[in-house]
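Peer 1: Pasting the sequence and the predicted model now:
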Amino acid sequence: MATNRTFTMIKPDATAAGNIGAITKMMEEAGFKIIAMKYTQLTPATAGKFYEVHSERPFYADLCKYMSSGPIVAMILEKENAVADFRTLIGATNPANAAEGTIRKIFATSIEANAVHGSDSDENAAIEGAFFFAKTEEVAA
Ligand code: ATP
Ligand code: MG
């Protein structure tokens with residue numbers, strides 16, 4: 001059976017608010033298996049590299065400052081149809097537009113401090129996972 005992976009971060013707002021446990025519980029209850037996990041803090045430079053794709057956007061400088069403002073939890077998750085199903089679980093970027101019951105609806109405080117990151121494609125999931133984890137740190141499914 002084909003399996004599939006995505007990459008997520010619990011962002012500084014949700015980590016600081018003590019929501020790591022509640023958020024990972026929602027991920028697990030939705031069928032995602034955590035195969036790599038790291039509690040760490042980005043520097044402004046590494047946040048800038050991670051979000052390089054947004055470097056022309058007006059919110060880029062603020063985003064890099066925010067994403068390096070405190071600890072985050074990076075994870076590789078496994079589930080069938082992981083990328084799309086995880087985007088559904090987290091909800092819209094702006095929590096004001098996020099569906100009821102989604103992680104961002106419950107935990108996000110603004111469009112910037114929106115609790116979690118979720119990869120937007122299989123290709124980016126692989127790139128983003130490799131940004132934080134060596135292959136040997138992933139547990140075989
Ligand atoms: P992510 O990539 O973090 O999962 P996303 O794919 O829903 O979020 P993107 O468009 O990739 O949204 O934006 C990346 C991040 O930049 C957002 O999650 C949010 O933290 C921040 N961001 C996006 N749009 C805005 C905005 N208009 N103002 C401030 N911050 C924003
Ligand atoms: Mg994105």
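Peer 2: Great, that's in hand. Ligands and ions are numbered 1, 2, ... in the order given.

Peer 1: interface residues of this structure facing ligand 1?
Peer 2: The chain has residues 54, 59, 63, 93, 111-112, 114, 117-118, 120 near ligand 1, with proximity defined as CB under 6 Å from any ligand atom. No exception for glycine: its C-beta is placed from N, CA and C like everyone else's.

Peer 1: Out of those residues, grab the one that's most surrounded.
Peer 2: residue 118 (25 neighbours; other CB atoms under 10 Å).

Peer 1: residues in contact with that one?
Peer 2: Residue 118 is in contact with 6-8, 83, 86-87, 89-90, counting by CB atoms under 8 Å, 6 or more residues apart in numbering.

Peer 1: ok, 6 Å please
Peer 2: Residue 118 makes contact with 8, 86-87, 90, according to CB atoms under 6 Å, 6 or more residues apart in numbering.

Peer 1: Kindly reformat these as TSV containing pLDDT and distance to residue 77.
Peer 2: What follows is these, written out as TSV (pLDDT from 0 to 100; distance: CB to CB, whole Å):
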residue	pLDDT	distance to residue 77
8	98	6
86	98	7
87	98	12
90	98	11
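
Peer 1: Farthest-apart pair in the residues you listed, please.
Peer 2: Farthest apart among the contacts of residue 118 by CB to CB are 8 and 87. That separation is 10.4 Å.
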